[in-house]
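Asker: Predicted model follows, preceded by the sequence.
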Amino acid sequence: MNSDEGFLTQRSVVMDVMKQLDDMLNVNKMDTKGKEEKKPEVDPSIGVTETSFVVSARDIRKKSSRPFKKMTKTSNMNQITFMRQIDVTQQDREEARADRERVAESFRRFGNEEFRRTNYEKAIYYYSKGIQYVVDSPVLYCNRALAKIKKRDFKLAIMDLDYVLLTLDPHHLKAWLYKAGALARLNNEVESQYAISIASQFNRTPKDQKYIANFLEKLRSEF
């Protein structure tokens with residue numbers, strides 16, 4: 001080892017002074033509190049080599065108990081929610097569903113009233129509110145789609161109608177017809193005619209066939 005590097009293995013004066021101060025502090029503690037276990041001395045020169053001059057010391061800190069308490073609280077809340085779900089009976093779920101349907105029906109009526117007044121934006125708002133309470137109502141989606149068609153938002157209307165046909169009811173008459181109307185307004189005659197043919201072939205009753213005929217008449221003019 002080079003003589004200029006002898007400080008790597010020799011103890012510095014600063015370390016000696018620090019040791020003396022630490023010994024004095026330990027003596028004071030023993031005088032006031034009796035015998036006390038002395039903390040092991042940490043030599044900061046540990047790990048220093050000829051090629052590495054990085055001095056590192058392990059910082060031992062008391063871990064906070066707050067994260068643990070927070071996790072415990074969350075766990076308790078999840079357990080309470082789970083127990084509540086178990087306690088709910090089939091009758092409770094049916095009654096809750098009936099309550100939501102009554103609210104959704106009220107919003108549907110509000111939407112229909114605004115639709116008759118040609119306030120299509122407000123109608124869409126009320127139909128959307130109804131869907132928030134009953135997410136699987138083909139009627140609300142079809143009504144909202146028709147209001148969007150009146151606003152000439154044909155692509156948005158088709159999204160609502162496709163949700164009905166792909167998720168809720170693949171045979172829904174109005175969904176197929178409204179989709180046919182929206183496609184026709186987008187100049188997609190091939191897909192429009194296909195939607196009309198599908199609407200007509202699902203074992204429709206005479207009443208359904210009459211509705212289809214009236215719709216096709218409107219499609220040529222006012223739809």
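Answerer: Everything's here; your move. Values in this document were obtained by computation on a predicted structure and should not be read as measured data. Numbering: from 1, shown residues only.

Asker: which element follows the helix or strand of the chain with the lowest mean pLDDT toward the C-terminus?
Answerer: Taking mean pLDDT, DSSP states H and E as the measure, the chain has helix 66-87 as its least confident helix or strand, at a mean of 54. As assigned by DSSP states H and E, the chain's next helix or strand after helix 66-87 is helix 90-116.

Asker: Now the next helix or strand after that next one: buried residues?
Answerer: Counting by DSSP H and E, the next helix or strand C-terminal to helix 90-116 is helix 120-133. Residues 120, 122-127, 129-131, 133 are the ones in helix 120-133 that count as buried (16 or more other Cβ atoms under 10 Å). In short, each C-beta sits where N, CA and C put it, glycine included.

Asker: same question, stretch 177-196
Answerer: The neighbour-count check on stretch 177-196 (16+ other Cβ under 10 Å) flags 177-184, 188, 192, 195-196 as buried.

Asker: Farthest pair within those residues?
Answerer: Leu177 and Asn188 (14.9 Å; Cβ to Cβ).

Asker: before we move on, back to that, columns secondary structure and pLDDT on top of the buried residues of stretch 177-196, output as CSV?
Answerer: Shown next, in CSV, are those (DSSP: H, G, I helix; E, B strand; the rest coil; pLDDT from 0 to 100):
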residue, secondary structure, pLDDT
Leu177, helix, 97
Tyr178, helix, 97
Lys179, helix, 97
Ala180, helix, 97
Gly181, helix, 96
Ala182, helix, 97
Leu183, helix, 97
Ala184, helix, 95
Asn188, coil, 97
Ser192, helix, 96
Ala195, helix, 97
Ile196, helix, 95
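
Asker: Out of those residues, which comes closest to Leu156?
Answerer: Checking the buried residues of stretch 177-196 against Leu156 with Cβ to Cβ, the nearest one is Ala182 at 9.3 Å.

Asker: Per-residue pLDDT of the residue nearest to the closest one when sequence neighbours are not counted, please?
Answerer: Closest residue in space to Ala182, ignoring its immediate chain neighbours: Phe154 at 4.4 Å, by Cβ to Cβ, 6 or more residues apart in numbering. Phe154 carries a pLDDT value of 97.

Asker: ok, and the closest non-adjacent residue to Phe223?
Answerer: Closest to Phe223 by Cβ to Cβ, 6+ apart is Gly181, at 4.7 Å.

Asker: quick one: that neighbour and Ser192, what's the gap?
Answerer: According to Cβ to Cβ, to the nearest Å, Gly181 and Ser192 sit 8 Å apart.

Asker: same deal with Tyr127?
Answerer: Counting by Cβ to Cβ, the gap from Tyr127 to Ser192 is 24 Å.

Asker: Dump the buried residues of stretch 177-196 to TSV, plus distance to Ser221.
Answerer: Below are the buried residues of stretch 177-196 laid out as TSV (distance: Cβ to Cβ, whole Å):
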residue	distance to Ser221
Leu177	15
Tyr178	16
Lys179	19
Ala180	15
Gly181	11
Ala182	16
Leu183	17
Ala184	12
Asn188	19
Ser192	15
Ala195	19
Ile196	16
